[in-house]
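Participant: Next comes the sequence, and after it the predicted model I'd like to discuss.
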Amino acid sequence: MEAGAAYGAGKAGGAFDLQTFIRQPHTILRMVSWLFSIVVFGSIVNEGYLNHQDESEEFCIFNRNQDACGYGITVGVLAFLSCLLYLALDVYFPQISSVKDRKKVVLSDIGVSGLWAFLWFVSFCFLADQWRVSKPEDNPMNEGTDAARAAIAFSFFSIFTWSMLTCLAYRRLGEITFQEEYNTLFPNSPPLLP
């Protein structure tokens, strides 16, 4: 643990180092989660809807259930935006001088990452179930089947990346330096140890 660190960051006001930032495990996982969300919503948007020659309206490849496609797209887009938001917070995090504000950021990261792990689990279960009950006669040419499988697979992978982000944020919360917190609460007191 870094001396003088509070809630997983160095002392406030340090210079931003891109190489160090990119090498951090939570940054790598957040970028991977960002990529996975692009794959999920991109594959559904691009190839998740079909239409027959005799029908004028498109239907969802997942058992003609528009809710399945809508849920996959919504979760993918919102996870994409959430990743961007928390990447920006990760960049800004070392500049936060208040221990209380750092704690709020880390606690929100734990909550949001845990929520996204759950939403990706629901997405995986919902898309996999709708794919399982899809009728072969709805898609005789097997159009978009690779995209549907990719959306299901990357929804599954996203469960683990967001769960690991939750664990890393929890670990980051545990990295508080008690001396800094003590000094914040009692600025004019003598040191704890003689």
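Facilitator: Cool, the structure landed.

Participant: Correct me if wrong, but E143 is in a strand.
Facilitator: No. E143 is assigned coil when assessed by DSSP: H, G, I helix; E, B strand; the rest coil, not a strand.

Participant: That one reaches L50, doesn't it?
Facilitator: Yes. If you go by CB atoms under 8 Å, E143 and L50 touch, sitting 5.8 Å apart. Just so you know, the C-beta spots here come from the backbone N, C-alpha and C atoms, and that holds for glycine as well.

Participant: out of those two, which sits in the more crowded spot?
Facilitator: L50 (16 against 12; other CB atoms under 10 Å).

Participant: re the thing from before, shared neighbours of E143 and L50, which are they?
Facilitator: Counting by CB atoms under 8 Å, 6 or more residues apart in numbering, the shared contacts of E143 and L50 are I61.

Participant: which intervals of the protein have sub-threshold pLDDT?
Facilitator: The model of the chain has pLDDT under 70 over residues 1-14, 176-184, 188-194.

Participant: switch the cut-off to 50
Facilitator: 1-4, 6-7, 179, 193-194 (pLDDT under 50).

Participant: what about the longest helix in it?
Facilitator: helix 99-132 (DSSP state H).

Participant: Next, report how far the very next helix or strand once past that one is displaced from the centre of its chain.
Facilitator: Moving toward the C-terminus from helix 99-132, the next helix or strand (DSSP states H and E) is helix 145-174. Distance, stretch centre to chain centre, for helix 145-174: 7 Å (CA atoms, centre = their mean, to the nearest Å).
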